[in-house]
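> Okay, predicted coordinates and the sequence, questions at the end:
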Amino acid sequence: MHVTHPQVYPPCEDTYLLLKSALQEVKPGDIVLEVGCGSGHIAGALAQEAMVIATDINPHAVREARLRGLDVIRADLLAGIRGPFDLVIFNPPYLPTQPEERIDDWLELALDGGRDGREVIGRFAGQVGGVLAPGGRLLLLVSSLTGPERVQTIFSPLGFDCVILESSEVEGEVLYAMKCNRASKYG
């Protein structure tokens, strides 16, 4: 898939790893939400199997995904989104970024995970429980730069158990596709 706008994150190794896990996880009849859909590569592939809604804060990404025929809402993470969704997918901005490194453009929002790479993940974790259906699942892309064990400590107090489904080494970092389910005591 060709991305026509330079301010839209194109499909890369992280996209393909998360898509591989998503295709194994999606079930016929699922209602799926992809947060931060970028070009719409993952949402487009899953739309063959399930009903998919996507979000992105980047207006150029929203346009790209809509050109693919996807239902896309311009939103900051889950702001204004109501579920329930059986499967939520998110390839978050996870690169540790210091304030002096920020570029302040739309593409930067797809990469900038804050000082420790987990700021956006933390915001998302605090919101996702409100849109997941009972028994709903969450797929998240995490990097060794972010620390998968640290990401698990964000989700655990919110009632989620997380496991790594897939991993891939890319350019000096390891990418992980992580699945989070509500812990049994949380329903």
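Structure received. Residues are numbered from 1 along each chain as shown.
> hey, let's count contacts and neighbours off CA atoms from now on
Will do.
> what about D76, which SS state?
Put simply, D76 is coil when judged by DSSP: H, G, I helix; E, B strand; the rest coil.
> so what's it closest to, chain neighbours aside?
Excluding the flanking residues, the one nearest D76 by Cα to Cα, 6 or more residues apart in numbering is I57, at 5.0 Å.
> likewise V131?
Computed as Cα to Cα, 6+ apart, the closest residue to V131 that is not its neighbour in sequence is G83, at 4.2 Å.
> Just after the strand or helix carrying K20, pick out the following helix or strand.
Per DSSP states H and E: K20 is located in helix 13-25. Downstream of helix 13-25, the first helix or strand assigned by DSSP H and E is strand 31-35.
> And the contacts of the helix holding K20?
Contacts to helix 13-25, defined as Cα atoms under 8 Å, 6 or more residues apart in numbering, come from residues 41-42, 46, 89, 91, 139-141, 165-168, 170, 175-177.
> next one: stretch 133-140
Contacts for stretch 133-140 (Cα under 8 Å, 6+ apart): 18, 21-22, 83-92, 177-182, 187.
> Convert stretch 16-35 to PDB, retaining C-alpha atoms only.
Written as PDB, here are the backbone C-alpha positions of stretch 16-35 (Å, rounded to 0.1, in the frame of the first residue of the first chain):
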ATOM      1  CA  TYR A  16       3.700  -6.000  10.000                       C
ATOM      2  CA  LEU A  17       4.400  -7.600  13.300                       C
ATOM      3  CA  LEU A  18       1.200  -6.200  14.900                       C
ATOM      4  CA  LEU A  19      -0.800  -7.100  11.800                       C
ATOM      5  CA  LYS A  20       0.400 -10.700  12.000                       C
ATOM      6  CA  SER A  21      -0.800 -11.000  15.600                       C
ATOM      7  CA  ALA A  22      -4.100  -9.200  14.800                       C
ATOM      8  CA  LEU A  23      -4.900 -11.600  11.900                       C
ATOM      9  CA  GLN A  24      -4.400 -14.500  14.300                       C
ATOM     10  CA  GLU A  25      -6.500 -12.900  17.000                       C
ATOM     11  CA  VAL A  26      -9.500 -11.500  15.100                       C
ATOM     12  CA  LYS A  27     -12.600 -13.600  15.000                       C
ATOM     13  CA  PRO A  28     -15.400 -13.500  12.500                       C
ATOM     14  CA  GLY A  29     -18.100 -11.100  13.800                       C
ATOM     15  CA  ASP A  30     -15.600  -9.100  16.100                       C
ATOM     16  CA  ILE A  31     -16.100  -5.400  16.400                       C
ATOM     17  CA  VAL A  32     -12.600  -4.000  16.100                       C
ATOM     18  CA  LEU A  33     -11.100  -0.600  17.000                       C
ATOM     19  CA  GLU A  34      -7.700   0.400  15.700                       C
ATOM     20  CA  VAL A  35      -6.400   3.400  17.600                       C
END
